[in-house]
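>>> Coordinates only, no sequence provided:
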């Protein structure tokens, strides 16, 4: 049996470059890329434990060990992360979907759920994750309407748990290997 042909890539006509790459069209196209889901945390002298759900996490370098994530400039948590010397990227496992939603909300009691321990620089580490990266802030880079946070990985942990995946505006499980 012959597999069905893939849908052709259709480039939409636009009269200007701006219309072709509008923020909504860019968001929609980026949504086709599946990502992992993380909770990024830090400890702030004024605000205490701070955390948010992010899927903008990526590897940057093996030597030295660097990772990055980005945060929208207008985020309410920007000040805390901008002055933090350390942060933790907690890569969520499939069974941590509720925590992802909790940390994506504006609620004040985010850390009332989950098993949290202090990591490097006091930044909260979540137990039961697929992976954890404890980082010292290496640099911050302005990039459009976001700031890139680059971290030097000081400690890490991983578990054989399936990660939580996000794609096209929905959460997914990883599924079986192809």
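Nice, thanks for sending it over. Worth saying up front: this structure is predicted, and the values here are computed from it rather than measured. Numbering: from 1, shown residues only.
>>> Double-check that residue 79 belongs to a strand.
No - secondary structure assignment (DSSP: H, G, I helix; E, B strand; the rest coil) places residue 79 in helix, not in a strand.
>>> Tell me who's in contact with it.
Under the criterion of C-beta atoms under 8 Å, 6 or more residues apart in numbering, the contact partners of residue 79 comprise 44, 47. (C-beta placed from N, C-alpha, C; glycine too.)
>>> would you list every one of the helices in the protein?
In order along the chain, the chain carries the following helices (DSSP state H): 17-20, 23-30, 78-83, 97-104.
>>> Those helices into TSV, with extra columns for distance to residue 171?
Formatted as TSV, the helices of the chain follow (distance: least, C-beta to C-beta, whole Å):
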stretch	distance to residue 171
helix 17-20	30
helix 23-30	16
helix 78-83	24
helix 97-104	6
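>>> Adding mean pLDDT and distance to residue 165, write those helices out as CSV.
Formatted as CSV, the entries for the helices of the chain read as follows, by pLDDT from 0 to 100; distance: least, C-beta to C-beta, whole Å:
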stretch, mean pLDDT, distance to residue 165
helix 17-20, 64, 29
helix 23-30, 84, 15
helix 78-83, 97, 24
helix 97-104, 97, 10
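>>> do you know which of those helices lies nearest residue 155?
Between residue 155 and the helices of the chain, the tightest spacing by C-beta to C-beta is seen for helix 78-83, at 18.9 Å.
>>> what's the weakest-modelled helix or strand in the chain?
Of all helical and strand segments in the chain, the minimum by mean pLDDT, DSSP states H and E falls on helix 17-20, at a mean of 64.
>>> Sketch out the low-pLDDT regions of this structure for me.
1-19 (pLDDT under 70).
>>> all strands of the chain, in order?
Remark: strands of the chain, listed N- to C-terminal, are 35-36, 38-44, 48-54, 58-61, 66-72, 86-91, 116-118, 124-126, 131-143, 146-158, 165-167, 170-172; assignment by DSSP state E.
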